[in-house]
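1. Take a look and give me a structure for this.
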Amino acid sequence: MIALIWAIFLATYIYFGLVAVGTSGATAIVLALVSFAGIWLFVRLRGEETPVRRRRP
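-> Numbering: from 1, shown residues only. Okay, here's the model as predicted:
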């Protein structure tokens, strides 16, 4: 779930950043979607740590 939130937020940021600097809308959406997939995959694989289980005494 966290990976999806990060990917949506950062892809939206990338899209509006590209549009703000004058990139065409089609190019901006393609780059934002590719970024979305890459960010989602990266955060999904590397971003979440498994909690450490403590042994019961």
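
2. contacting residues around the most centrally placed residue in the chain?
-> What sits nearest the mean C-alpha location of the chain, by CA atoms, centre = their mean, is residue 7, with 2.2 Å. The contact partners of residue 7, by CB atoms under 8 Å, 6 or more residues apart in numbering, come to 36, 37, 39, 40, 43. Glycine gets a C-beta too; all of them are placed from N, C-alpha and C.

3. In helices, which of those fall?
-> Among the contacts of residue 7, DSSP state H puts 36, 37, 39, 40 in helices.

4. From residue 55, how far out is the first one?
-> The span separating residue 36 from residue 55 equals 40 Å under the rule CB to CB, to the nearest Å.

5. same check, this time on the last one
-> With distances taken as CB to CB, residue 40 is found 35 Å from residue 55.

6. Then residue 18?
-> When distance is defined by CB to CB, residue 18 is 51 Å away from residue 55.

7. Could you look up the SS state of residue 23?
-> Three-state call for residue 23 (DSSP: H, G, I helix; E, B strand; the rest coil): coil.

8. what's around it, how many residues?
-> The local packing of residue 23 (other CB atoms under 10 Å) involves 14 other residues.

9. which residues does it contact?
-> Applying CB under 8 Å, 6+ apart to residue 23 gives the contacts residue 31.

10. if you set the cut-off to 10 Å instead, what comes out?
-> Residue 23 is in contact with 15, 17, 29, 31, counting by CB atoms under 10 Å, 6 or more residues apart in numbering.
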